[in-house]
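> Structure for this input, please:
(chains A and B)
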Amino acid sequence: MTLNTSSVRPLACLKSISRTTRVTNTQHRFASAGQLRYRAPPPEPSRKNPWAQVPPRRTFNIVFYISKAKLQPLAKHRIKITPPPPSIRATCPEPLKTFNTSQLSLLDPSGTRTRLFSSDYPDRACLGDVLLVRFKNGDPFFGIYMARRRQGPDTAILLRNTVMRTGTEMWVKIYNPTVVGIEIVQRAERRARRSRLYYLRKPEHDRGDLSGVLNMYLKTRRTLGARKKDNKEKIETQKAAAKAKTLVEDLETKPGNQQAKPGANAPGQ
Amino acid sequence: MPLRTGVLGKKKGMSSIFDPETGHRTPVTIVQMDRVQVVGHKTEAKHGYYAVQIGHGHRSPKNETRAMLGVYEQVGLSIKEEIVEFMVKDASGLPPIGTLLPPSWFRVGEFVDAKSNCKGKGFAGVMKKWGMKGQDRSHGVSLTHRSMGSAGQSQGGGSRVYPGKKMAGRMGGQQVTVYNCKIVQADDANGLIVLHGCIAGPKGCTVKLQDARRKPWPDVPSVPLELLPGSTPQSVTEAA
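As a prediction, this is how the structure comes out:
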C-alpha cells in the first residue's frame, strides 16, 4: 500500500513513518511471538543504573500470546472427491427425441407417412391440397389441408370440408394406426403463403363441398387403369393392405361413392 | 408409509403412444433418471424416522460447499446435484449406501405418485389465481374489471379481513403431487421412465417418484437382490 510516501512530501511524512514502524513491529512480534511468552524479570536496581527497575521501553506494550501452531498456516485437509459414475446423458442426450424415434419406427416403419408430410420431398402434401384419409374402421374423410402440427408421434393435420351443408373440420393424427392411407386428391393451384389457412373458414374463402373434386379424382383414376399400376406399388404391410381392401369394398357398397381400386390405398400415393 | 424408496428424475417432455389395434392415444411424460444413487439413511434410533436419502445427477466440486464435500467423502460417493429424502416404513426399506437405482426400479403397470414443483406464475391477480369472476366490463365499473369485489362483511364480520382471505399474490412454484401415474415404460438403456399423463412443472424440473400411496403397495422386495452392490447376475439367479 502507500506506506512510503515520505519521498513525495518530506515534511508530512511522520504518519507514514509511524505506519511503517508499526508494520515492522508487527512482523517482528509475530516472528518472535514464541519467545514472548517468557519475560525475564527486571534486574535489580543498582546505583549505577537506577533505570534498571524501569522496564525497558517497548514499541508496544500489549503482549500477544500466540501459539506457534496458530502462526503456521493451517494445513488444508484435502477432501477426496470420488469421480462420478458414467452419465446416462452421454448415451441418451435427447430423451424425447429418442422416444419419438422409437415410436415412429413402430408406427411408420417404412417412413412413407413421414415422407408424405416432410418438407424435404417435392412430392409431399402441401397446404391447400385436398387430401383423402382412409381409416381402419369408419368412413373416410377428405377435405382441404388447412394446418399441420408437428410433434413426433402426435403430428396431426387439419382437414376441412363441407359435409351435409355444414362446415366440418377434423384433426387427423397421421401416425395413428387406424389411419390406413392418406391420398392427395387435388393439388393446390398455388403455393399457400400461410402456414395455417384459417382464412378458409371465412365465407368468402370457403371451398364448400369438395365431393365433386373427390368424384372426379376417383373417376380419373379408374379410367387411367389405376388397378394395374397400383398393384405394382409398394404397400406398407400385407396386413394394412388386406384391411384397406376390405375398407374399399365397404366404400364401393355405399351409394354415392365411385368405385375405388384396392391397391389405391397405399398411403402417400 | 411406503415400504421402499422412491427415485429422482428430470422431466424431459411429453409425447404419446398409440395402441396398435384400437389406435387409442395415450399421452405420456418422459422422465430421465441420471445416476440415481442412495446417499444416506435416516433411522428411527438416530433421527426418529426411517428415510432414504437419494441423490441424482452430478455437480462440480467447486460448486459445492465444503461441508457437503465432507459428507460425500464420508460415504465415498461422487457429488450429487441434489439430495432428496424418501421416507420408508422400516429398516428393511433402506438399500445400502451407493446403490444405483435404475428405471426398472418400477415395473411397467405400477402406479407412482409424481411430485414436482409447478411452473411459477409470479404475482397473479385473483381471477387467474383463484378463479374469481372479476367485475363487470361496464355498468359504471372503472379500472377494476379484474379485481376482487369485497374482502368481507362490514361491521357484522368484525370489520376485519379474515385470515386466509383469497387475494392476489404469488402463484405457482409450489410442489404439486400427481397421484397414481401409471408406469408405461421403463427403459434402463436410456434411463427413461415413461409415465401416463402429465405431471407438474416445466421441462427439466426434478421429479420425485415413489410408490402410489393410494394403491396397494407393489409386491416386490424393498431392496431387490440384483441391486445390492457386489452381487452378480449369477448370484441373483441362484437366489431366485
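> thought B:Gly201 was touching B:Lys11?
Yes - the pair B:Gly201 / B:Lys11 is scored as a contact, 5.7 Å apart, by CB atoms under 8 Å. All C-beta spots, glycine's among them, are computed from the backbone N, C-alpha and C.
> Could you tell me which residues touch both of those two?
Here B:Gly201 and B:Lys11 have B:Ser116, B:Val207 as joint contacts, going by CB atoms under 8 Å, 6 or more residues apart in numbering or on different chains.
> OK, contacts around B:Val28?
B:Met14, B:Ser15, B:Ser16, B:Ile17, B:Val184, B:Gln185, B:Val194, B:Leu195, B:His196, B:Gly197.
> how does it look with 6 Å?
Residues in contact with B:Val28 (CB atoms under 6 Å, 6 or more residues apart in numbering or on different chains) are B:Ser15, B:Ile17, B:Val184, B:Val194.
> The closest residue to A:Leu159 other than its chain neighbours: neighbour count?
Distances taken as CB to CB, 6 or more residues apart in numbering or on different chains place A:Gly143 nearest to A:Leu159, at 3.5 Å, with adjacent residues excluded. Neighbours of A:Gly143 under the rule other CB atoms under 10 Å in any protein chain shown: 27.
> Who does A:Gly143 form a beta bridge with?
Assessed by DSSP bridges, A:Gly143 has beta-bridge partners A:Leu131.
> Give the full set of residues in contact with it.
A:Gly143 touches A:Leu159, A:Arg160, A:Asn161, counting by CB under 6 Å, 6+ apart.
> right, and the pair among the contacts of B:Val28 with maximum separation?
B:Ser15 and B:Val184 (10.4 Å; CB to CB).
> Looking at the two, which has the bigger crowd around it?
B:Ser15 (22 against 18).
> Ramachandran angles for the more buried one?
Main-chain dihedrals, B:Ser15, degrees, to the nearest 10: phi -150, psi -160.
> who's it bridged to?
Assigned bridge partners for B:Ser15, using DSSP bridges, are B:Val28.
> For the chain, just list every one of the helices.
Just going to use chain A. Counting by DSSP state H, one finds helices in chain A at the ranges A:14-31, A:68-71, A:88-91, A:95-107, A:112-117, A:211-223, A:226-232, A:238-253.
> ah, no, chain B please
B:44-47, B:66-75, B:126-130, B:233-239.
> shaky segments in the chain?
Going with chain A. A:1-13, A:23-45, A:52-53, A:55-75, A:225-269 (pLDDT under 70).
> The chain in question should be chain B.
If you take pLDDT under 70 as the line, chain B has these spans: B:228-240.
> need the residues of it near chain A, please.
B:12-13, B:15-16, B:18, B:20, B:23, B:30, B:32, B:34-35, B:58, B:61, B:69, B:73, B:76-78, B:190-192 (CB under 6 Å from any CB of the partner chain).
> what do you get if the cut-off is 8 Å, keeping everything else the same?
Neighbours of chain A within chain B, by CB under 8 Å from any CB of the partner chain: B:12-13, B:15-23, B:25, B:30, B:32-35, B:37, B:58, B:61, B:66, B:69-70, B:72-73, B:76-79, B:100, B:189-192, B:194.
> if we can go back for a sec, between the contacts of B:Val28, which sits nearest B:Lys46?
B:Val194 (37.5 Å).
> Tell me which residues touch the closest one, please.
By CB under 8 Å, 6+ apart, the neighbours of B:Val194 are A:Phe99, B:Ile17, B:Val28, B:Thr29, B:Ile30, B:Val31, B:Ile183, B:Val184, B:Gln185, B:Ala186, B:Asp187.
> how about the strands of the stretch 51-200 of chain A, start to end?
For the stretch 51-200 of chain A, strands defined by DSSP state E, counting those that start in this stretch occupy the ranges A:130-135, A:141-149, A:156-163, A:166-173, A:179-186.
> so which of those gets nearest B:Cys205?
Going by CB to CB, the one of the strands of the stretch 51-200 of chain A nearest B:Cys205 is strand A:141-149, 24.4 Å.
> Buried ones in that closest one, by neighbour count?
A:Phe141, A:Phe142, A:Gly143, A:Ile144, A:Tyr145, A:Met146, A:Ala147, A:Arg148 (16 or more other CB atoms under 10 Å in any protein chain shown).
> Export the residues you listed as CSV, with columns for distance to A:Tyr175.
Below are the buried residues of strand A:141-149 laid out as CSV (distance: CB to CB, whole Å):
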residue, distance to A:Tyr175
A:Phe141, 16
A:Phe142, 19
A:Gly143, 19
A:Ile144, 21
A:Tyr145, 16
A:Met146, 19
A:Ala147, 17
A:Arg148, 13
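> so which of those residues comes closest to A:Trp171?
Distances from A:Trp171 to those, taken by CB to CB, are shortest for A:Ala147, at 8.7 Å.
> Thanks a lot, catch you later.
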